[in-house]
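Trainee: The sequence isn't on hand, but the structure is:
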């Protein structure tokens, strides 16, 4: 039975790109009522002064303090759209107050606290809650999310890479210790902070790589693909290289893996088709078709295409997501739908504007 | 009383940008059911093969013939998303069959058939229906649209220019025979046809003007501003210069007019505020604020900002619309909502994705 | 006689977009040798660390202090690529030391010091040198530049607007007190400073106006068009509205003026053709052709197109320049060529990369 | 001794992007005089009507017929900027007439005619000249180019991939049969033909892959890396996946290869530094630095950066080129400089415009 009762929701960190996009989606949700928005440096300001595109009534929301107690008094669900460490303690505090808490940051994604502390170079202050948290990727953890009140939203890159490879890993099709993920992301992934690295004149007509083989999203990919791998397979090890594309939204990940057994594209496609048969937000393309970021912009979809380099015995899986929706805000809302017992697809767009 | 009964709708010309955007909006409308889609050269094809971004079930729609009889058998409302002249006779045929007909082209916008024939260099085959048609700009013609079954959707440029200036013209504030509209449009206005003029490598990093002072949308501006002008004012005459911006969507129109009487920006703002007090899709910005196309992309809003060149006694009104929504598909749906007696705002987005 | 002796040149403010573009041009100049580059906050750094695109030997230049004495010891020509007021006193100091000084800022452009102080809201510390300075637009002031050692490089917007209208003003063709200049500029005009206003994700797919009828470049247009107007004409008064285009380079100005006498496009074109007959960097397009910014990107050219709104008796002149070359660095080099007695076109590109 | 005598040059296929870019470079070359330009469908037209950005005198060039005899009468050097097969016979005819012939297409790049015929699905009509042709990559074939009159300009993708990996292959550092090249190209690589695949509105904000593991440039990579590999190494086999970036120019290739022996980044960097020590157009970046396409746009440079995934024992080499210059027209000119005994760097730009 679906519980259609309205729930109240607080957005802490509403002034970032993730927050304002989540606000847009939540405001259109039939069972959610946004009752509190908080900003850090922007507390006291109207959202409309930060985001002139917002019309009333969203523009008139005055950002409150980044105060979990205040938020908890006003809302059933607390969503933290903040950088890592900023919400670490508030997540736990909100959870202890009986709230459903949702974290956009990496703080509770990694089950191995040492990995977290090593990749992020900080100390985890709530290590005991790492096991409480559910990794909010419904395609792998739907059942856990269903009953959960403590959700870690996956990173945008990991979402695209994990969904591209999970069926192959689960089927034992590919060598798990020899995976390459070459990902390309639009600029919005870098957030709203003004910097030379997000300067229009510096980025336009430029394409580059960054954080080669040392990006913080790498251990998420290893961990989550590890959860589906077959017994006896080698520990998952992804060589991950992110790139910056001169466009606003979208991630395309081109993933390379060595086949462990001979298979045709059709056979692999069929394995993927089974794996994602009931997924409302994964669209497996026909063999020969290739995803494009624009196809999923503005939607909560992940499009996946499968190809092979026959002579090298190599699988090439390509996925596309909107980094701010299926890669962040939409994923969070999908998890909230599940956690609240609502139809998982509620208020999540699937058709892109075109062009 | 609002009639919530579902109506069926046919989209003739679903394979163009206007048609596929209208389809997206209509498919999400609670009282509309798309029962027929037709293409011209693409009849027999699946929409998904033309638009790979479309997921099922929209992708699976097979385009039918451009046949008004067939469409009329299957739908209460016929929307023609075709170039001028292509739907001229079908509009009338559908109307005579008792259907509500909506035209995206210019065929029934101009009340003066000679103007139409002179600007478009074609012969009008249905001149007697020009008076039947309502110019589908709710901000000026809401009452007429309410009872209408024959709607001509305004041009995208005229929508932006008329909304920017109508309050000033209606108040007798500006000289009606000395108006300049300098408009800038994204590339989607040129449609999906592949041409050197829409080639990525030729347009990117380029900005240019075209059709200087001879664009076909000019007489619409003259006509519609003429409908609100005060008795005794000179015939409206707009010098219109369109420009092409290297972006996909959006029109920004910068309109210049000479004040006929002395007034402060605040006084003019107040006149505009009164004029648009109850409009759900016009947002008048505070004095000093200036619209941007991105603020309205993906929405049915028109944002308007007012400024003055004090020393020249000149009003400068700036407006922004999404050319494919408030400038086309959204306008059509807004008219359909009115014509069907539904809440005018049904299924029309007002919050832009950001960024 | 052309003096081909090599001269040394110092670039003060080499770390901004204007400075680094001037460096690129100067480094390829057969008679110039760059002997000193200075930075403000970046003194002591290698240019290559600020601009990773620069190869050796340019990358290896170490920025010196912003010290006019030091620069004057090492160079014959001092070019100041700094914001207004920053080089005001150094310009005069260098000049007094017998150097040729060139200013990228507005400090010495306006002959009316009150206008300068009112528009820029600062006090001019060297008002007596305002008359010494030559306004570095060769098309209007070639003879003065020829013998000058004190050059104020014009603003980018004024260059485009003045060149678009000077022939019409000089011929008494248009009403000088009723001019509108609607200009559109790429983002590089805003410089390299990281800000929300230059953020890729905020600007892409957006088009907007700013500083409506109050931009600081306005009095330059009035002043310079005033220098060519006929006796008895009303003081020049330009309503100037700049806009921001989502592209890196280029300014397109669409200028509107009321004809004072009846004339055909061909007659006006002929007046323009005479005015610019010997100009190496002005290309007058045939009637019916319209400039585009991409046509002049990377060049020192200004392209001009002429059109009319016959029914309104209105001239519409459209011009395009690369804001960083003909609008800044190239203009400076063109002036230096003239001031040094070299061929005016030396080392100034005229063919754009395409696409 | 450098031969500075002027030579005449004919450009056959001047109306494409490669041709017009070559024309721009050649027109600025001190020892070249362009004496004939030919077009296919555009014979008889002025270049300025095809490319309105071109100023006189280039704009006034009238395209002649695609006639090798005529071209050979007027020029010492014949450059064919045509699609594959179109110049196959003319290359040989010109060569037999004693001319220096240069081919932009793939017709004479592959030494294995069967590979050519299988990848391009055409019959080679001049197989005996395949061995006559030199693969025009000076970094690998400088000596052969020096004395050659028959030059096949490399493909743009192969240039970027081969330069990224040649030093590692030559040093026996990597497994030659397990190489992945993930390349990303701007849209200009697709040429000027108007198509849905080059439509501004379809490409902007989109990123996608194409021709996965079956692109025609693949065998060039295998062949050329094979020419430098150590005895006993396995045949080179590159898994090549090209992507389309929403920008005009630039290719970035991210190349992955498994190390055959343990090495530090510094050691590998040192091997690369030795390999490219005297190359005027290869810039090896310091370890930790990563190329970006914008750094090389408008130049004949290839920038290369080296990184490693230590835990996977994997080399990651990243290269950037301007696809129309170092990837095509500039490469051709570099070869011509060598073939004519001129300074290899003559008239080839190395500093990018910025921004």
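Mentor: That came in fine, so what should we check first? Remember, predicted model here, so these are calculated numbers, not experimental data. Numbers count the residues shown, from 1 in each chain, chains lettered A, B, ... in the order given.

Trainee: Who are the contact partners of residue A:82?
Mentor: A:12-13, A:16, A:40, A:66, A:104-105 (Cβ atoms under 8 Å, 6 or more residues apart in numbering or on different chains). Yep, even glycine has a C-beta here, placed from its N, CA and C like the rest.

Trainee: Could you tell me which of the residues you listed are located in strands?
Mentor: Using DSSP state E, the members of the contacts of residue A:82 that fall in strands are residue A:12.

Trainee: Per-residue pLDDT of the residue in the stretch 251-355 of chain A positioned nearest to chain C, please?
Mentor: As assessed by Cβ to the nearest Cβ, chain C sits closest to residue A:324 within the stretch 251-355 of chain A, at 10.0 Å. Predicted confidence (pLDDT) at residue A:324: the value is 98.

Trainee: Which single one of the contacts of residue A:82 is nearest to chain B?
Mentor: Looking across the contacts of residue A:82 and measuring by Cβ to the nearest Cβ, the closest to chain B is residue A:16, at 10.6 Å.

Trainee: distance of that closest one from chain C?
Mentor: Distance, residue A:16 to chain C, using Cβ to the nearest Cβ, to the nearest Å: 12 Å.

Trainee: what do you get for residue A:155?
Mentor: On the measure of Cβ to the nearest Cβ, residue A:155 and chain C end up 18 Å apart.

Trainee: The closest residue to that residue other than its chain neighbours: how many residues sit nearby?
Mentor: Closest residue in space to residue A:155, ignoring its immediate chain neighbours: residue A:217 at 4.5 Å, by Cβ to Cβ, 6 or more residues apart in numbering or on different chains. Here the number of neighbours of residue A:217 (other Cβ atoms under 10 Å in any protein chain shown) works out to 23.

Trainee: related to what we said a few turns ago, pull out the buried residues from the contacts of residue A:82.
Mentor: The neighbour count (16 or more other Cβ atoms under 10 Å in any protein chain shown) marks A:12-13, A:16, A:66, A:104-105 as buried among the contacts of residue A:82.

Trainee: Redo these as TSV? Include pLDDT and distance to residue A:168.
Mentor: Formatted as TSV, the buried ones among the contacts of residue A:82 follow (pLDDT from 0 to 100; distance: Cβ to Cβ, whole Å):
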residue	pLDDT	distance to residue A:168
A:12	98	38
A:13	98	35
A:16	97	34
A:66	98	42
A:104	98	28
A:105	98	29
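
Trainee: so can I have CSV of those showing distance to residue B:223?
Mentor: CSV is the format used below for the buried ones among the contacts of residue A:82 (distance: Cβ to Cβ, whole Å):
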residue, distance to residue B:223
A:12, 52
A:13, 50
A:16, 46
A:66, 54
A:104, 51
A:105, 56
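
Trainee: Report the secondary structure element holding residue A:22.
Mentor: helix A:17-27 (DSSP states H and E).

Trainee: what about that helix, near chain B?
Mentor: Yes. Using Cβ under 8 Å from any Cβ of the partner chain, helix A:17-27 reaches chain B at A:17, A:20-21, A:24, A:27.

Trainee: list the buried ones in stretch A:176-194?
Mentor: Judged by neighbour count (16+ other Cβ under 10 Å), stretch A:176-194 contains these buried residues: A:176, A:178-192, A:194.

Trainee: Enumerate the residues of the stretch 251-355 of chain A near chain D.
Mentor: Counting by Cβ under 8 Å from any Cβ, the stretch 251-355 of chain A comes close to chain D at A:252, A:254, A:256, A:290-295, A:297, A:307-312, A:314, A:316, A:318, A:320, A:355.

Trainee: now the stretch 101-250 of chain A
Mentor: A:177-178, A:180, A:182, A:184, A:186, A:201-202, A:204-210, A:212-213, A:237, A:239, A:241, A:243, A:245-250.
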